[in-house]
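Peer 1: have a look at this fold, sequence not included:
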Ligand code: ATR
C-alpha cells in the first residue's frame, strides 16, 4: 500500500518538496505519495489531526507553522529542542506519538561538507541572523567543530541564541578529535576587524532585497559565502561575489534537509546529487 506524506505551509504553492520527494522515491523504489497542503493560518493542529485520522505517515512543515509543529510534537529530537522549531513530523510514531525533528541544520552542514567539499572543523564561521532559520542551524554548525560567531541586527537576540545553543553542546555526541567552542553573540559592529572562512546569511533580508551592513574585508582568502535563500541572487550574494568569496545558495540545503526527512520516515538515504542537478535545470 502506498504510504502518504505531505508538506504543510501557508502559502505553499511555491514548494519544491513534492518534486524532491517524488525524485527520492523513484530513485530508491519507495512506494509513497507526497502532496502540498495549504493549512489555514489558524488550522495547523486540525490539519495534522486530519492527516493522522487518514493514516498519513509523516509531513514536512514550513512557514509559518514550524513553531506550532514544535508544540504539537510529543517527542522531539535534540536538534528540534535547540531550534524550538520542527520541520519534519513522523506521525503515529510508536503508537500514538508524534515525533518532531528539525533537519535544517543537518541539511546545511551536509551541503557545505559534501556538496561544496568544505570541512567546518576549526573554521571561523559567521552566522548572520537570530530568527527561526538561524536557530535551526547554530548547534549543527558548532557540532562540526567550527568556531561560531553569531551576529544580528538585534544584538540581544544573537546573544540569546548563542547562549541557548551553547547550553546544548554537551547533549550531542561530539566526534572524537573535534573541538567545540562556545559561540559569541553580538551585533554587526563587533565584526568590523574580523575575517571569516565561512559566512552564512540566515536573515530574511534577501526577501526585501535589503543589503546587510557587512564590511568588505570580512572574507578570508577562499572564503565561502552561503545564503540560505535560493532561486535568485540576493544582495548578500552579490556583495560576496564582488569581494572575492565563493558563493552558494540554499538549494543544496533544501534537498539535503529533505533527504534527512526521507531517511527518518523510510530508513533509506537517497542520492541527493542528481536531485540538486535536476532542480538547477528547472
Ligand atoms: P526566519 O524564519 O526566516 O529566520 P525570522 O524568525 O522572522 O524569520 O527572522 C528573520 C531574521 O532576519 C532576523 O534575524 C532578523 O533580524 P532582527 O532579529 O534584528 O529582526 C533578520 N532580518 C530581517 N530583515 C533584515 C534586514 N533588512 N537587515 C538585517 N537583518 C534582517
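Peer 2: Good, I have the coordinates. Owing to the predicted nature of the structure, the values given are computational and were not obtained by experimental measurement. Numbers count the residues shown, from 1 in each chain.
Peer 1: contact residues of the stretch 101-250 of the chain facing the ligand?
Peer 2: 129-134, 152-154, 157, 203-205, 210, 212 (CB under 6 Å from any ligand atom). Any C-beta I mention is one placed from the backbone N, CA and C, and that applies to glycine too.
Peer 1: give the helix, strand or coil label for residue 269.
Peer 2: Recorded secondary structure, residue 269: coil (DSSP: H, G, I helix; E, B strand; the rest coil).
Peer 1: can you count the residues close to it?
Peer 2: Residues within reach of residue 269, counting by other CB atoms under 10 Å, total 12.
Peer 1: just the buried ones from the residues of the stretch 101-250 of the chain next to the ligand?
Peer 2: Among these, those classed as buried by 16 or more other CB atoms under 10 Å are 129, 130, 132, 133, 134, 152, 153, 157, 203, 205, 212.
Peer 1: among these, name the ones in helices.
Peer 2: Assigned to helices by DSSP state H, the following of those qualify: 132, 133, 134, 157.
Peer 1: now, the most widely separated pair of those?
Peer 2: Farthest-apart pair in those is 133 and 157; separation 12.5 Å (CB to CB).
Peer 1: just send the buried ones among the residues of the stretch 101-250 of the chain next to the ligand back as JSON lines, with pLDDT too.
Peer 2: Converted to JSON lines, these look like this (pLDDT from 0 to 100):
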{"residue": "129", "pLDDT": "94"}
{"residue": "130", "pLDDT": "93"}
{"residue": "132", "pLDDT": "88"}
{"residue": "133", "pLDDT": "91"}
{"residue": "134", "pLDDT": "93"}
{"residue": "152", "pLDDT": "93"}
{"residue": "153", "pLDDT": "93"}
{"residue": "157", "pLDDT": "92"}
{"residue": "203", "pLDDT": "96"}
{"residue": "205", "pLDDT": "94"}
{"residue": "212", "pLDDT": "96"}
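Peer 1: can you name the next helix or strand after the helix or strand bottoming out on mean pLDDT in the chain?
Peer 2: Across the helices and strands of the chain, the lowest-confidence element by mean pLDDT, DSSP states H and E is strand 184-186, at a mean of 74. Using DSSP states H and E, the helix or strand that follows strand 184-186 in sequence is strand 196-201.
Peer 1: tell me which residues in the next helix or strand after that next one are buried?
Peer 2: Sequence order places strand 219-227 as the next helix or strand after strand 196-201, per DSSP H and E. Across strand 219-227, burial judged by 16+ other CB under 10 Å covers 219, 220, 223, 224, 225, 226, 227.
Peer 1: much appreciated, bye for now.
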